[in-house]
Every structure is written in structure tokens, then in C-alpha cells.
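[1] when you get a sec, could you give me coordinates for this:
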Amino acid sequence: MGIGIGIFLLVLGAILAFAVHADLGWLDVRVVGWILLLAGAVELVITLAVWSRRRRGTTVTQREVYQDGHPTTVTERRSVNDPSVAPETGPGGSTRAPRPARRA
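    Residues are numbered from 1 along each chain as shown. Alright, predicted model coming up:
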């Protein structure tokens, strides 16, 4: 869902729980408001947890390089949180992972 839905549920729940004083008989508006407040808070926590897990990713690339006629396996590890790795910007503003440096 996302942050927007979580905030929407929080706002709607707060309005129903604190600002609306209607008596419908069969429906307690305050209880519905508190349920929506709780659902919005849970939605925000889940969304932020998923986003924080996504940002911690590490990419591992292995390739064979021939130096002096002998094959050597080169392993590159890149972390998304590494500030020294600045992403390149592609067409339309999309970001791509930086290309590995070529070795002679």
C-alpha cells in the first residue's frame, strides 16, 4: 500500500475518533475511528520496515579475468548504503548501478 494510505487511515481515524459526534445506534463511530488509527499506524510501520530492508541490499558480481594467460575469478561487492558508489542517471532520470571499471 504505502505511506500515503497509512497517513490517510490515520487522518480519517482521528477525524472519526475525535471530531465526529454522531449516534448511529448500530455503529460506534469512535470505535471505527480507533480501528482506522491503529490500521494506519500498522501500515506505516510495515511500509517503513520494507523500505529499510530494500535499501540495505548488497550486489555480488563474479567474473573471470585472464591475466598473463591464467584465469582469475574477480568478485565485486557493492552495497547500496556505500556513499562512495554514486548511481549513474539513465534516460528519464532512472538510476542504474555503476559499471565496473575495465581492467587491462
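[2] please count neighbours and contacts with C-alpha atoms only from this point.
    Will do.
[3] per-residue pLDDT of R30, please?
    R30 is assigned a predicted lDDT (pLDDT) of 93.
[4] show me the contacts for the residue lying closest to it once chain neighbours are set aside.
    Distances taken as CA to CA, 6 or more residues apart in numbering put A17 closest to R30, at 4.2 Å, once the chain neighbours are dropped. With contact set as CA atoms under 8 Å, 6 or more residues apart in numbering, A17 has these partners: 29-34.
[5] which of those residues are buried?
    29-30, 32-34 (16 or more other CA atoms under 10 Å).
[6] quick check: the residue nearest to R30 is in a strand.
    No. Using DSSP: H, G, I helix; E, B strand; the rest coil, the secondary structure at A17 is helix, not a strand.
[7] what separates it from G6, distance-wise?
    16 Å (CA to CA, to the nearest Å).
[8] contacts for the strand or helix carrying L12 next, please.
    For L12, the host element (DSSP states H and E) is helix 3-14. Here helix 3-14 makes contact (CA under 8 Å, 6+ apart) with 32-44, 47-48.
[9] out of those, who's nearest G25?
    V32 (13.3 Å; CA to CA).
[10] quick one: that closest one is in a strand?
    No. Using three-state DSSP, the secondary structure at V32 is helix, not a strand.
[11] how near is it to V65?
    From V32 over to V65 the distance is 63 Å, taken as CA to CA.
[12] and for T75?
    Between T75 and V65 the distance is 10 Å, computed by CA to CA.
[13] so which of these two has more stuff around it?
    Neighbours were counted for T75 and for V65 using other CA atoms under 10 Å; V65 has more, 14 against 10.
[14] how about the nearest residue to the more buried one, chain neighbours excluded?
    T72 (5.2 Å).
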